[in-house]
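Chemist: Could you look at this predicted model? Sequence included:
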Amino acid sequence: MSKSSPRAKRLSSKTVLQIVTGSIAAYKTPDLVKMMKEDGAKVICVQTDSSRKFVTETVLRTVTGERVYSDLFPNETPWGVMHTSLADLADVILIAPASANFIAKLAHGIADDLGTCVCLATRRPILIAPAMNDHMYTHPLTQRNMAQLKAIGYRFVDPVEGDLACGRTGVGHIAPLAAILESLVSVLKTGKKSK
Ligand SMILES: Cc1cc2nc3c(=O)[nH]c(=O)nc-3n(C[C@H](O)[C@H](O)[C@H](O)COP(=O)(O)O)c2cc1C
């Protein structure tokens, strides 16, 4: 009986900086991290304050095996500028799940927390996996914000139709984790930088 050869690790030697925002889908982050790590990636998480309501720092630290960052002004020595240091070490920035709020801030160049500052301070590719209620997702403001980000080279893994946390069924359910992983591999292959 022939043994199947182990699959090549497509994210070997790559560092994924994952920004986790305040969507209910944040509870899926540990599974996504596990999949990226199995494919060879080093994963470092940045959390927004809201995301901490949905997934704890302890969980993310445990699954990544790395420190988790959320403070723009860490009280540490030696002093380092956190957002630029994080921006420099990433090969790709993955925003998953991406809240309507975070997408709106990015589209307007707002940099009022660690995650948004990292996004402005990097020239690495940025991949966004939105997750939200269907009315939030299809709202003209959200659609406009996403179009603006696409126009400057940000890539998206579109959400799918499914059961939403609010009890409705509609588009806004985070893309399947396997689809996010495939998009990440593709983004790193093409290596297109954000403007
Ligand atoms: C139970 C609950 C679930 C939420 N789920 C989502 C969501 O899936 N997507 C979204 O865009 N906002 C969601 N929100 C609202 C965000 O948490 C809120 O807009 C927050 O300010 C986002 O902050 P952040 O973008 O800094 O993470 C939810 C709020 C609550 C209370």
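Modeler: Happy to help now that I have it. Numbers count the residues shown, from 1 in each chain.
Chemist: how much space between residue 117 and residue 40?
Modeler: Residue 117 sits 28 Å away from residue 40, going by CB to CB, to the nearest Å. To be clear about C-beta, it is placed using only N, CA and C from the backbone, and glycine gets the same treatment.
Chemist: cool, residue 171 as well?
Modeler: 32 Å.
Chemist: what does this protein put close to the ligand?
Modeler: By CB under 6 Å from any ligand atom, the part of the chain that sits against the ligand consists of 21-25, 48, 50-51, 99-102, 131-132, 136, 165.
Chemist: Okay, and which of those residues map to helices?
Modeler: 100-102, 136 (DSSP state H).
Chemist: would you turn the residues you listed into CSV with pLDDT, distance to residue 17 and neighbour count?
Modeler: Below are these laid out as CSV (pLDDT from 0 to 100; distance: CB to CB, whole Å; neighbours: other CB atoms under 10 Å):
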residue, pLDDT, distance to residue 17, neighbour count
100, 98, 21, 23
101, 98, 19, 17
102, 98, 14, 27
136, 96, 25, 19
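Chemist: Just the closest of the residues you listed to residue 63, please.
Modeler: residue 102 (21.1 Å; CB to CB).
Chemist: Between residue 171 and residue 40, point out the one with more neighbours.
Modeler: residue 171 (16 against 13; other CB atoms under 10 Å).
Chemist: Phi, psi for residue 92 please.
Modeler: phi -150, psi 150 (degrees, to the nearest 10).
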